[in-house]
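Trainee: Pasting a predicted model and its sequence here:
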Amino acid sequence: EAEAEFLGSTCSSPLTHGSAAPGDPFWLQNIQHQGIAAFNGNPGGYPVFRNVKNYGAKGDGNTDDTAAIQAAINAGGRCGQGCDSTTTQPALVYFPPGTYKVSSPLVVLYQTQLIGDAKNLPTLLAAPNFSGIALIDADPYLAGGAQYYVNQNNFFRSVRNFVIDLRQVSGSATGIHWQVSQATSLINIVFQMSTAAGNQHQGIFMENGSGGFLGDLVFNGGNIGATFGNQQFTVRNLTFNNANTAINAIWNWGWTFQRITINNCQVGFDLTQGGTSNTGAQGVGAEAIIDAVVTNTQTFVRWSGASSGHLQGSLVLNNIQLTNVPVAVGVKGGPTVLAGGTTTINSWAQGNVYHGTNGNPTFTQGNIANINRPGVLLDSTGRIVSKSHPQYTGYAPSDFVSVRSQGAKGDGHTDDTQAIKNVFAKYAGCKIIFFDAGTYIVTDTIQIPAGTQIVGEVWSVIMGTGSKFTDYNNPQPVIQVGAPGSSGVVEITDMIFTTRGPAAGAIIVEWNVHDPSGQQAAAGAWDTHLIIGGTAQSGLQVGQCPTSGAGGNNCFADFLGLHLTSGSSAYLEGMWVWLADHDLDSGGSQQISLWSNGGIMSESQGPVWLIGTASEHHINYQYFLKNAANHYIGLAQTETPYFQPNPNPPAPFITNSNFDPSQLGQGDAWAMTVQNSHGILVFGAGFYSFFSAYNTGCQSPQNCQNQIVNVDSSSDIAFYSLTTVDTTWQFSVNAQGVINRSNNPNGFADTITAWTRN
Ligand SMILES: *[C@@H]1O[C@H](CO)[C@@H](O)[C@H](O)[C@H]1NC(C)=O
Ligand SMILES: *[C@@H]1O[C@H](CO)[C@@H](O)[C@H](O)[C@H]1NC(C)=O
Ligand SMILES: *[C@@H]1O[C@H](CO)[C@@H](O)[C@H](O)[C@H]1NC(C)=O
């Protein structure tokens with residue numbers, strides 16, 4: 001019997017363990033299903049939750065369930081071919097335990113989660129005659145190469161808790177075609193594939209997109225475990241057993257791989273080499289691999305060609321344990337670059353290495369100074385802490401309380417402030433709080449006390465609006481996670497926090513809570529996003545806020561997305577802080593102009609783990625670390641506003657000394673700016689600038705932005721695998737450009753393999 005967790009709650013009978021019996025189904029199956037799509041044309045008739053068995057799926061291992069499962073996904077009028085995007089048609093498609101035979105691809109439409117019983121994973125079994133790109137397809141191809149969705153805008157998808165079994169297919173077969181972007185995840189999936197010589201199975205095929213997070217996946221057998229091509233991604237805890245090639249990387253600008261395990265494969269990472277020109281073939285730009293364990297594998301990392309004297313593919317290795325791995329890094333059909341054996345690689349890099357204010361690169365293919373990993377970021381095995389999206393498998397429906405059953409409406413117009421406050425006052429720490437799908441309007445700060453566990457349903461929305469949130473000289477939190485100085489468990493999953501504009505004085509989430517002593521990563525959020533504007537009924541759509549700027553003050557969307565205060569700690573995995581650049585609900589991805597001062601600001605003393613976070617289009621900064629300490633950040637992804645440099649940051653806001661960096665970006669938004677901070681490890685970053693005044697003409701001279709990352713001289717911080725796009729000075733110290741992109745071309749983007757202070 002595990003010791004009861006200290007939840008840190010003040011409730012009278014704290015929830016210390018779940019009450020589900022071992023034979024009970026996963027709580028999600030039998031909890032009351034009363035989620036709604038608030039802004040759907042027919043909210044009363046539109047089903048959010050769908051159990052595939054209610055649509056005729058048998059799960060008996062014999063019946064072909066393809067059509068029945070697709071009917072469950074499609075019911076109610078969904079966003080499929082030609083739709084582009086929506087926020088009004090969410091669907092949670094649930095699979096009880098069983099074996100579901102599938103003979104052609106299941107299309108996961110926009111804004112869909114496929115979730116299996118997490119206690120007893122359902123199997124999706126490829127029929128012997130399976131035909132199609134993959135069992136699960138997130139972006140189908142049409143004749144002529146067109147697709148359902150634009151790959152870079154393919155948001156809001158999650159697949160969890162399945163076994164995907166390809167073994168009955170004698171020819172080629174793929175488990176998941178995952179061509180997706182932000183706010184997407186794959187979690188807790190086992191791929192069963194052939195181990196016969198010459199088999200043509202692969203677990204995942206991904207060839208485009210702008211992701212994203214995936215983690216807790218196991219690949220058994222196969223010719224290729226996963227083919228990965230996407231601008232950027234964060235990957236945590238993947239295990240590959242008995243594949244020919246574990247990971248086949250075809251192109252990227254930058255990926256971070258945390259805690260990968262590879263057993264009995266031929267090749268761990270097979271990396272396609274690209275060109276160094278902006279327009280040439282794009283290969284693998286940058287891989288950052290931390291805390292990998294590799295056993296009985298011929299080659300850990302293999303490039304398709306040599307890289308010497310100039311950058312052609314950046315690689316950073318940190319804490320890689322090899323057991324019987326003859327080649328650590330090699331070239332296909334060519335020389336060994338780094339010999340393996342049974343050994344641990346501490347810190348090794350291929351690419352351009354920089355120090356301090358010296359803008360001259362040292363091309364390195366060898367050991368680099370040991371990467372500094374503050375101890376508070378590490379678990380008992382010495383690796384960066386890893387904590388999976390909580391799913392509460394031991395809990396019964398009676399351990400949850402529904403906010404709708406307690407009087408909140410979630411209908412997108414009722415003010416639910418008091419109802420939600422009452423739920424937290426009565427149940428925080430006593431029950432897991434279930435936000436049935438819906439949009440909950442609040443007009444005052446909602447405090448989530450330490451000791452609270454919150455579960456949403458296909459991203460339930462809390463939307464702050466009203467006079468409380470309009471004054472940017474006195475910004476107020478919509479959501480306050482923990483009172484200042486509090487400690488305890490906080491777990492938030494599958495939620496969206498946002499505003500209805502105008503809301504110039506909203507801090508959407510103020511995060512104050514700290515892990516209790518001895519409980520690393522107890523305070524965290526998973527698959528939880530800040531989606532600001534661009535959604536139905538946000539008041540911040542193309543009708544109100546066109547790119548002409550005609551919306552004026554009505555287009556203040558928020559002041560700050562996420563504020564990690566000085567007393568907090570946080571484990572945030574899969575979080576997108578998106579100030580919308582386009583409208584998701586008016587067709588055709590029409591661009592909009594919204595104002596937000598900042599994305600993520602941290603003053604936390606740590607530990608903070610930002611695993612697969614992104615922050616986009618905020619005027620002044622995407623990430624601002626101020627007096628912060630002990631952060632692991634990997635991978636961080638940003639884009640600057642498309643209207644930049646007009647207005648000139650911080651306009652249209654007026655500088656607010658508490659929330660703004662002392663060194664402004666002089667016409668540019670900072671992707672990341674760091675002030676008086678220490679113990680900061682950035683392990684993978686993709687910082688992009690594609691526009692100047694909505695014009696992409698700057699992409700050819702590659703000067704859409706002048707500066708993008710800033711570090712002051714008092715900060716102890718290190719960057720590894722830092723990729724930028726179309727920015728002249730990739731790295732600045734005290735707001736003076738130090739590293740010019742001209743030294744670091746790496747295909748479409750430019751990469752600094754390492755920058756350290758000394
Ligand atoms: C596979 O076979 C089943 C019957 O065994 C049939 O219903 C189905 O249409 C076939 N699928 C394909 C893609 O040929
Ligand atoms: C998608 O990926 C393929 C293969 O890497 C590439 O040739 C193609 O240009 C990509 N398409 C887009 C729209 O990015
Ligand atoms: C890694 O993923 C596997 C499979 O889901 C899971 O059993 C294991 O607990 C995970 N480990 C960590 C450290 O997250």
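Mentor: Okay, I see it. Worth saying up front: this structure is predicted, and the values here are computed from it rather than measured. Numbering: from 1, shown residues only. Ligands and ions are numbered 1, 2, ... in the order given.
Trainee: Any stretches of the stretch 101-250 of the chain with poor pLDDT?
Mentor: Within the stretch 101-250 of the chain, no range satisfies pLDDT under 70.
Trainee: Flag every residue of it that's near ligand 3.
Mentor: For the stretch 101-250 of the chain, the contact set with ligand 3 under Cβ under 6 Å from any ligand atom comprises 188, 216, 218, 237. All C-beta spots, glycine's among them, are computed from the backbone N, C-alpha and C.
Trainee: Let's see that with 5 Å instead.
Mentor: Within reach of ligand 3 by Cβ under 5 Å from any ligand atom, the stretch 101-250 of the chain has these residues: 188, 216, 237.
Trainee: Now intersect those residues with the strands, please.
Mentor: 188, 216, 237 (DSSP state E).
Trainee: Could you dump the residues you listed into JSON lines and include distance to residue 737?
Mentor: JSON lines is the format used below for these (distance: Cβ to Cβ, whole Å):
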{"residue": "188", "distance to residue 737": "44"}
{"residue": "216", "distance to residue 737": "41"}
{"residue": "237", "distance to residue 737": "38"}
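Trainee: Closest one of these to ligand 1?
Mentor: Here the nearest of these to ligand 1, counting by Cβ to the nearest ligand atom, is residue 188; it sits at 28.1 Å.
Trainee: residues in the stretch 51-200 of the chain within reach of ligand 1, list them.
Mentor: 64, 103, 129, 131.
Trainee: Look up the closest residue to the last one, ignoring the ones flanking it.
Mentor: In space, not counting the residues next to it along the chain, residue 131 is nearest to residue 104; the distance is 5.9 Å by Cβ to Cβ, 6 or more residues apart in numbering.
Trainee: Quick check: the gap between that neighbour and residue 224.
Mentor: The gap separating residue 104 from residue 224 is 21 Å, by Cβ to Cβ, to the nearest Å.
Trainee: if we can go back for a sec, correct me if wrong: the residue nearest to residue 131 contacts residue 66.
Mentor: Yes: under the criterion of Cβ atoms under 8 Å, residue 104 makes contact with residue 66 at 5.5 Å.
Trainee: Looking at those two, which is more packed in?
Mentor: The residue with more neighbours, out of residue 104 and residue 66, is residue 66; 21 against 18, by other Cβ atoms under 10 Å.
Trainee: List the residues that contact that one.
Mentor: If you count contacts by Cβ atoms under 8 Å, 6 or more residues apart in numbering, residue 66 has them with 101, 102, 103, 104, 106.
Trainee: looking at this, the fourth one is in a strand?
Mentor: No: secondary structure of residue 104 (DSSP: H, G, I helix; E, B strand; the rest coil): coil, not part of a strand.
Trainee: The residue of the stretch 401-550 of the chain found nearest ligand 1 is in what secondary structure piece?
Mentor: Closest residue of the stretch 401-550 of the chain to ligand 1, Cβ to the nearest ligand atom: residue 458 (29.6 Å). Residue 458 is located in strand 452-464, with elements delineated by DSSP states H and E.
Trainee: For that strand, which helices and strands make contact with it?
Mentor: With contacts taken as 3 or more Cβ pairs under 8 Å, 6 or more residues apart in numbering; DSSP states H and E, strand 452-464 sits against strand 91-95, strand 432-435, strand 439-442, strand 476-481, strand 490-499.
Trainee: Could I get the full set of strands for the stretch 251-400 of the chain?
Mentor: According to DSSP state E, counting those that start in this stretch, the stretch 251-400 of the chain carries its strands in the segments 254-263, 267-271, 286-295, 299-303, 314-331, 336-355, 358-367, 400-402.
Trainee: Minimum distance to residue 136: which of these has it?
Mentor: For these, the distance to residue 136 is smallest for strand 254-263, at 21.2 Å, taking Cβ to Cβ.
Trainee: Now do the closest one: distance to the chain's middle.
Mentor: Relative to its parent chain, strand 254-263 has a centroid offset of 15 Å by Cα atoms, centre = their mean, to the nearest Å.
Trainee: Is that strand in proximity to ligand 3?
Mentor: No: figure legend: strand 254-263 not in contact with ligand 3 (Cβ under 5 Å from any ligand atom); closest approach 6.4 Å.
Trainee: which SSE is the residue of the chain found nearest ligand 2 in?
Mentor: Nearest to ligand 2, among the residues of the chain, is residue 208, at 3.7 Å (Cβ to the nearest ligand atom). Per DSSP H and E: residue 208 is located in neither a helix nor a strand.
Trainee: how close does the nearest residue to it once chain neighbours are set aside get to ligand 1?
Mentor: Ranked by Cβ to Cβ, 6+ apart and with sequence neighbours excluded, the top spatial neighbour of residue 208 is residue 151, at 4.0 Å. From residue 151 across to ligand 1, the span is 26 Å (Cβ to the nearest ligand atom, to the nearest Å).
Trainee: Double-check residue 151 against residue 139; I have them as touching.
Mentor: Yes: contact status for residue 151 versus residue 139: in contact at 6.2 Å, counting by Cβ under 8 Å.
Trainee: anything in contact with each of the two?
Mentor: With Cβ under 8 Å, 6+ apart, residue 151 and residue 139 have common neighbours 179, 180, 209.
Trainee: Which one (most neighbours) among the residues you listed?
Mentor: residue 180 (30 neighbours).
Trainee: before we move on, back to that, buried among the ones in strands among the residues of the stretch 101-250 of the chain next to ligand 3? Make that a ChimeraX selection.
Mentor: If you want just the buried ones from these in ChimeraX, going by 16 or more other Cβ atoms under 10 Å, the selection is:
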select :188,216,237
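Trainee: Just want to know which of residue 151 and residue 139 has more residues nearby.
Mentor: Taking other Cβ under 10 Å, residue 151 and residue 139 do not tie; residue 139 has more neighbours (24 against 19).
Trainee: tell me the contacts of that one?
Mentor: 147, 148, 149, 151, 154, 177, 179, 180, 209.
Trainee: Going by secondary structure, it is in what exactly?
Mentor: Per DSSP H and E: residue 139 is located in neither a helix nor a strand.
Trainee: The nearest residue to it once chain neighbours are set aside and ligand 3: what is the separation?
Mentor: Spatially, and ignoring its direct neighbours in sequence, residue 139 is nearest to residue 179 (4.2 Å; Cβ to Cβ, 6+ apart). Note on residue 179: its distance to ligand 3, by Cβ to the nearest ligand atom, is 23 Å.
Trainee: Do me a favour and get the backbone dihedrals for residue 179.
Mentor: Main-chain torsions, residue 179, degrees, to the nearest 10: phi -100, psi 90.
Trainee: right, and it touches residue 209 too?
Mentor: Yes: the criterion here is Cβ under 8 Å, and residue 179 meets it with residue 209 at 5.1 Å.
Trainee: shared neighbours, the two?
Mentor: Jointly contacting residue 179 and residue 209 under the rule Cβ under 8 Å, 6+ apart are 139, 151, 154, 230.
Trainee: I'd like those residues laid out as a markdown table, including secondary structure.
Mentor: Output for these, formatted as a markdown table (three-state DSSP):
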| residue | secondary structure |
| --- | --- |
| 139 | coil |
| 151 | helix |
| 154 | coil |
| 230 | coil |
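Trainee: Among the residues you listed, which one sits closest to ligand 3?
Mentor: Nearest member of the shared contacts of residue 179 and residue 209 to ligand 3, counting by Cβ to the nearest ligand atom, is residue 230, at 21.0 Å.
Trainee: residues in contact with the closest one?
Mentor: Residue 230 touches 179, 180, 206, 207, 208, 209, 210, 211, 212, 252, 255, counting by Cβ under 8 Å, 6+ apart.
Trainee: List the contacts of the fifth one.
Mentor: By Cβ under 8 Å, 6+ apart, the residues touching residue 208 are 151, 152, 179, 229, 230.
Trainee: any chance of the residues you listed in CSV, plus distance to ligand 2?
Mentor: Listed next are the contacts of residue 208 as CSV, based on distance: Cβ to the nearest ligand atom, whole Å:
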residue, distance to ligand 2
151, 6
152, 8
179, 8
229, 5
230, 9
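Trainee: just curious, which of those residues is nearest to residue 307?
Mentor: For those, the minimum distance to residue 307 (Cβ to Cβ) is 19.1 Å, reached by residue 229.
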